[in-house]
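> structure for the following, please:
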Amino acid sequence: MSTEVQAPAPARAESAPETPPLAVKVMLVTDAWEPQVNGVVRTLANTMHELKALGCEIEVVSPADYPNSVPLITYSEIRLALGARDDVEERFLSFAPDAVHIATEGTLGWDARAVCLKHKFPFTTSYHTQFPEYVTARFPWIPLWAGYRFMHAFHDKSGRVMVATPTMQRMLQIHGFRNTAIWSRGVDVELFHPSKRGVEGGVCKNVPQPIFAYVGRVSVEKNIEAFLKLDLPGSKVVVGGGPALEQLKAKYPHVLFTGPKFGEELARHYADADVFVFPSFTDTFGLVILEAMACGTPVAGFVAPGPQDIIPGSRAGAINTNLQVAALEALKCDRAVTRAYAENYSWRACAEEFRRNLEPLPKPEKKKFWLRLKAARERARERRRLNRERRAKRRAERAARKT
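Numbering: from 1, shown residues only. Alright, predicted model coming up:
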């Protein structure tokens, strides 16, 4: 009697963890939206446009939906919707999203956060502005730690906080944010194009060359005076509006202030500049940097979030602790190389990265007490170092004003 030998069963392959499906129905809640014109709105609007092209269904909750709103103090273009929580909840339940992204820390952002927590629905947020630094720049009597406490209160329940650059990610980690992820930016390379340079003699044909330009909101937190004080050849041009416009026009009569520009006219101002100067320390990215580069205009900036993430190694600009040195170095850059570098950034790639980030990060494993204590001490040391640098910078600025 023969015995049948049974072949061993094949080893079962370890199954890879399933990748969660990408969100199709996306609810965006934002206090910054059209008709406002700023980098946050352009980023969100272009991202939503690309997501629709990818087949997503989008529901945008913005102040435009609510007539009962008030202007944000010091930033009147942004309006804060009041008493909207019930309506936000109704829209959330009706739309039944796959993912909710809360883009801003205004009244609608807090309403959406409360709705998501009530229904135990995971959500993501994004960090567009260095809000604590912005507030301290406008109101020096408000300490920086108070601003960060507010930001922690808002973002700590978020499954993923999207930030624009590695520098901002490290900065937030220093301040105790653990759930961060990179969401870069894009640029419209058709609108912002070198072909706009010199059309009909250029938008600044009657001023001495070369032209060093700034584009953006004209307000104290943008540090524009650091640019206007520079000893540079040619002319300085400021494109934009804001609360500090009239004061700076009176103080710097030799600077050309054009007021706000949009669309084709804005692209021409970028293209006709020889160097775009970005003096801000409070921006998290600086979308205007990419818009200038797309026009072929090299960029000069401080060693700060945004410039130090985009410019080094690009041959499309220069950064330096001395802004004058950076501006003169940027003047030597090849405009064709600058344009080619900007072409690496697209809104489609930006939208795809955003969509991947909508899946909340897994909760970190609990660490032993001593490891947590060590990490907290390291963050505290780094915060103290940054505070020393800020105080030294303020002392240097005060000394410079006295001379």
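> contacts only, for Arg79.
Contacts for Arg79 (Cβ atoms under 8 Å, 6 or more residues apart in numbering) come out as Asp31, Pro63, Ser69, Val70, Pro71, Leu72. From N, CA and C alone the C-beta is placed, and that goes for glycine too.
> redo those as CSV? Include secondary structure and pLDDT.
What follows is the contacts of Arg79, written out as CSV (DSSP: H, G, I helix; E, B strand; the rest coil; pLDDT from 0 to 100):
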residue, secondary structure, pLDDT
Asp31, coil, 92
Pro63, helix, 92
Ser69, strand, 77
Val70, strand, 78
Pro71, strand, 74
Leu72, strand, 73
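> wait, which of the residues you listed is closest to Trp110?
Lowest distance from Trp110 to the contacts of Arg79 (Cβ to Cβ) belongs to Asp31, with 9.4 Å.
> wait, isn't that closest one in contact with Trp110?
No - between Asp31 and Trp110 there is no contact under Cβ atoms under 8 Å: 9.4 Å.
> so which of those two has more stuff around it?
Asp31 (25 against 19; other Cβ atoms under 10 Å).
> so how far is Val237 from that one?
Going from Asp31 to Val237 by Cβ to Cβ, to the nearest Å gives 31 Å.
> buried residues in the strand ranked longest in the chain, which are they?
In the chain, assigned by DSSP state E, the strand with the most residues is strand 75-81. By neighbour count on 16 or more other Cβ atoms under 10 Å, the buried set for strand 75-81 is Tyr75, Ile78, Arg79, Leu80, Ala81.
> kindly report the same for stretch 93-101.
By neighbour count on 16+ other Cβ under 10 Å, the buried set for stretch 93-101 is Phe95, Pro97, Asp98, Ala99, Val100, His101.
> so what's Asp98 up against?
The contact partners of Asp98, by Cβ under 8 Å, 6+ apart, come to Ala23, Val24, Lys25, Val26, Leu358.
> where does Val26 land on pLDDT?
Note on Val26: pLDDT of 96.
> er, Gly263 I mean
Gly263 carries a pLDDT score of 92 in this model.
> same thing with Lys393?
At Lys393, pLDDT is 72.
> what does the helix or strand just after the longest strand of the chain contact?
Where DSSP states H and E defines the elements, the next helix or strand beyond strand 75-81 is helix 85-95. Helix 85-95 is contacted from outside by 25, 27, 29, 59, 61, 65-66, 100, 108, 111-112, 114-116, 118-119, 121, using Cβ under 8 Å, 6+ apart.
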